[in-house]
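Colleague: Quick one: sequence plus predicted model below, questions after.
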Amino acid sequence: MLVRLMRSEDLEQVRNVGQKAWSDVASTELGRKVKYPFRPRKIIKGYLWKEPKGCLVVEDAGEVIASAHCHVWGKVGWFGPFEVLPEMQDKGVGKALLGGCEDYLVRSGCVHFGLETMPYMVKNVHFYLRAGYRPQEFTCIMKKDLVRVQEPTMGVERIEEAKLADILPEIGALSRSYNSHLDLSREVEMAVREDLGALFVSRSDQKLAGFAVLHAFHPIEESDHSAVRLLLVDPDLADPSDHFDRLIRSVENHSYRLGRRRIFARFVVSPRLYEDMLKRQYVLEGSNMRMIKGPGYCEREGYIMAAWAG
Ligand SMILES: CC(C)(COP(=O)(O)OP(=O)(O)OC[C@H]1O[C@@H](n2cnc3c(N)ncnc32)[C@H](O)[C@@H]1OP(=O)(O)O)[C@@H](O)C(=O)NCCC(=O)NCCS
């Protein structure tokens with residue numbers, strides 16, 4: 001068994017591992033055979049671009065039997081998707097892969113390590129508790145059906161690739177003003193360069209007030225959904241809810257124009273943000289648990305949505 005870097009030639013085997021692992025989970029949960037969809041190639045290619053040394057596979061007898069993707073957001077590191085072929089589980093493969101992910105995150109300068117998992121999956125909870133992770137945040141997954149384009153949003157600009165270099169330092173600075181260990185600029189760069197969706201920014205007196213990244217990479221014939229991958233509003237603004245409203249409306253409108261009829265948002269639960277999303281006709285679809293190793297890391301304040309889900 002060998003833990004090694006993922007290569008672009010592994011792509012189909014990596015998709016196969018994910019499809020088999022989640023089909024197995026869903027079949028066990030529902031008590032009947034379920035075929036889970038394959039993960040789109042585009043997002044795996046994006047992760048390989050963003051984190052070439054943080055995409056790992058486990059190989060056994062020349063076959064890929066497990067895979068994982070790490071994400072370095074400044075000093076905050078997380079991993080996911082993280083999957084082992086069902087027939088190869090419970091043999092220590094997951095543990096070896098987890099070791100590889102942690103080594104990479106440490107080498108990359110992360111001090112907080114984390115993941116999101118389903119709290120009702122006893123095996124997963126045991127697997128991460130044994131490795132030193134502790135439950136720290138409750139995250140919710142909310143969904144809204146998109147039925148029409150809303151009135152145009154003023155003061156929000158879509159940023160295309162040509163303007164990306166100018167905006168990334170501002171995104172890094174805004175992330176750090178939220179938490180000095182957080183830097184979302186590389187994740188934003190991936191979304192635009194790898195054409196995974198769209199980036200919107202909102203300004204206040206010329207200064208970056210907030211940004212949102214929409215992911216819409218599933219082929220439309222396979223799924224009509226999109227997802228808010230990131231959203232952050234400057235916590236020091238006098239009117240953060242105004243910028244939040246503009247940004248969320250922009251991603252919803254853009255989704256609708258792309259033919260997406262459902263949008264998902266995933267974030268650490270804070271009472272205010274949850275209330276705001278209910279007012280915007282989002283409904284709760286599910287909830288997860290963030291588990292963290294190392295010093296605590298919290299996203300309970302302000303307007304932030306940062307999905308730790310691959
Ligand atoms: C979670 C997952 C990655 C673990 O991989 P794995 O190769 O089975 O992991 P390991 O063999 O290293 O460790 C499994 C541990 O779970 C324990 N375990 C197995 N079944 C269990 C159960 N039903 N309840 C509690 N613990 C269980 C094993 O005993 C072992 O613990 P131990 O080392 O203390 O004995 C794998 O099950 C998987 O791919 N699941 C589907 C996708 C998924 O949920 N990914 C994680 C998303 S956060």
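Modeller: Yes, it's here.
Colleague: contacting residues for the spatially closest residue to M118 that is not a sequence neighbour?
Modeller: Closest residue in space to M118, ignoring its immediate chain neighbours: N288 at 5.9 Å, by C-beta to C-beta, 6 or more residues apart in numbering. The C-beta positions use only the backbone N, C-alpha and C, and glycine is treated the same way. For N288, the contacting residues are E116, T117, M118, P119, F138, T139, C140, I141, R266, A309, by C-beta atoms under 8 Å, 6 or more residues apart in numbering.
Colleague: Write out the residues of the protein neighbouring the ligand.
Modeller: Applying C-beta under 6 Å from any ligand atom, we find that the chain lies next to the ligand at 21, 25, 82-84, 89-95, 115, 117, 122-124, 126-127, 130.
Colleague: hmm, 5 Å instead?
Modeller: For the chain, the contact set with the ligand under C-beta under 5 Å from any ligand atom comprises 21, 82-84, 89-90, 92-95, 117, 122-124, 126-127, 130.
Colleague: what's the closest non-adjacent residue to the residue in the chain that the ligand sits nearest to?
Modeller: Ranked by C-beta to the nearest ligand atom, the top residue of the chain for proximity to the ligand is G94, at 2.4 Å. Once flanking residues are discounted, G94 sits nearest to V84: 5.1 Å by C-beta to C-beta, 6+ apart.
Colleague: so the one you found touches L97, yeah?
Modeller: Yes: assessed by C-beta atoms under 8 Å, V84 is found in contact with L97 at 7.2 Å.
Colleague: any common contacting residues for these two?
Modeller: With C-beta under 8 Å, 6+ apart, V84 and L97 have common neighbours V58, A66.
Colleague: related to what we said a few turns ago, going through the contacts of N288, which ones are buried?
Modeller: E116, T117, T139, C140, I141, R266, A309 (16 or more other C-beta atoms under 10 Å).
Colleague: Same list (the residues you listed) but as a markdown table, adding secondary structure and pLDDT.
Modeller: Shown next, in a markdown table, are the buried ones among the contacts of N288 (DSSP: H, G, I helix; E, B strand; the rest coil; pLDDT from 0 to 100):
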| residue | secondary structure | pLDDT |
| --- | --- | --- |
| E116 | strand | 97 |
| T117 | strand | 96 |
| T139 | strand | 96 |
| C140 | strand | 96 |
| I141 | strand | 97 |
| R266 | strand | 97 |
| A309 | coil | 88 |
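Colleague: show me where the stretch 1-150 of the chain has strands.
Modeller: 2-5, 55-60, 63-73, 76-84, 112-117, 134-145 (DSSP state E, counting those that start in this stretch).
Colleague: Describe which strands the third one pairs with in its sheet and in which direction.
Modeller: For strand 63-73, sheet partners with direction are given as strand 55-60 (antiparallel), strand 76-84 (antiparallel), following DSSP bridges.
Colleague: Mind putting these into TSV with mean neighbour count, distance to K35 and mean pLDDT?
Modeller: Output for the strands paired with strand 63-73, formatted as TSV (neighbours: other C-beta atoms under 10 Å; distance: least, C-beta to C-beta, whole Å; pLDDT from 0 to 100):
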stretch	mean neighbour count	distance to K35	mean pLDDT
strand 55-60	20	23	98
strand 76-84	24	16	98
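Colleague: any chance of these in CSV, plus distance to Y178?
Modeller: Output for the strands paired with strand 63-73, formatted as CSV (distance: least, C-beta to C-beta, whole Å):
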stretch, distance to Y178
strand 55-60, 27
strand 76-84, 11
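Colleague: Domain-wise, how is the protein divided?
Modeller: 2-110, 143-306 (automatic domain parsing).
Colleague: how about a markdown table for the ones you listed, with distance to R134 added?
Modeller: Output for the domains of the chain, formatted as a markdown table (distance: least, C-beta to C-beta, whole Å):
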| stretch | distance to R134 |
| --- | --- |
| domain 2-110 | 14 |
| domain 143-306 | 6 |
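Colleague: Going along the chain, name the helices of the stretch 101-250 of the chain.
Modeller: 122-130, 164-178, 185-193, 240-257 (DSSP state H, counting those that start in this stretch).
Colleague: Pipe those helices into TSV and attach mean pLDDT per row.
Modeller: Shown next, in TSV, are these (pLDDT from 0 to 100):
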stretch	mean pLDDT
helix 122-130	97
helix 164-178	97
helix 185-193	98
helix 240-257	96
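Colleague: Can you convert those helices into a markdown table and add a column each for distance to Q206?
Modeller: Converted to a markdown table, the helices of the stretch 101-250 of the chain look like this (distance: least, C-beta to C-beta, whole Å):
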| stretch | distance to Q206 |
| --- | --- |
| helix 122-130 | 44 |
| helix 164-178 | 11 |
| helix 185-193 | 19 |
| helix 240-257 | 14 |
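Colleague: No further queries at this time; thank you.
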